[in-house]
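A.B. asks: Okay, structure incoming, though there's no sequence with it:
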């Protein structure tokens, strides 16, 4: 029996809502990837080149510090990683999460939230950055995701 971890970063609450629906469908454990310093609305202003999110995404080597760690990562066979798409990529806090947890030999699924951006570039960038990991598939959800949407995605994989 596979043990599933549904990890997610949510800056505005949309990705958290989707993660909860994913957990309801799969029955896995939820883990919120929380930054030590929460993002404010001003931090998330993508139109301001000096906003925190803009500065972080312009330096893809930046690794925001996370508040909590997964203490039992070895217990999981499958890890889902959810995030909002920023600048057509995963926020750099996702890299922090991946680099702080041993995800080798685990099946990794990515889900992202966005009103219009595709998840393809985010997924491919993660796969190319972490070639030693087993990324299976990715899915973009909007805020009005249904449990059927989750079931059909996971069912195909």
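C.D. replies: Good, I have the coordinates. Note that the coordinates shown come from a computational prediction; the quantities given were computed from them, not determined experimentally. Residues are numbered from 1 along each chain as shown.

A.B. asks: quick one: secondary structure of residue 95?
C.D. replies: Under DSSP: H, G, I helix; E, B strand; the rest coil, residue 95 falls in the helix class.

A.B. asks: Tell me the confidence at it?
C.D. replies: On pLDDT, residue 95 comes in at 97.

A.B. asks: distance of the residue lying closest to it once chain neighbours are set aside from residue 101?
C.D. replies: Closest residue to residue 95 apart from its sequence neighbours, by C-beta to C-beta, 6 or more residues apart in numbering: residue 63 at 6.0 Å. Where C-beta positions appear, they are placed from N, C-alpha and C, glycine not excepted. Residue 63 sits 13 Å away from residue 101, going by C-beta to C-beta, to the nearest Å.

A.B. asks: out of the two, which sits in the busier spot?
C.D. replies: residue 101 (21 against 16; other C-beta atoms under 10 Å).

A.B. asks: quick one: the more buried one from residue 31, how far?
C.D. replies: For residue 101, the distance to residue 31 - C-beta to C-beta - is 10 Å.

A.B. asks: what do these two both touch?
C.D. replies: Residues touching both residue 101 and residue 31 (C-beta atoms under 8 Å, 6 or more residues apart in numbering) are residue 70.

A.B. asks: residue contacts, residue 138?
C.D. replies: Counted by C-beta under 8 Å, 6+ apart, residue 138 has contacts 109, 110, 111, 112, 119, 120, 122, 123.

A.B. asks: again, only this time at 7 Å
C.D. replies: 110, 111, 112, 119, 123 (C-beta atoms under 7 Å, 6 or more residues apart in numbering).

A.B. asks: In three-state terms, label the closest residue to the fourth one other than its chain neighbours for me.
C.D. replies: Leaving out its chain neighbours, the residue that sits closest to residue 119 by C-beta to C-beta, 6+ apart is residue 140, at 4.0 Å. Look at residue 140: counting by three-state DSSP, its state is strand.
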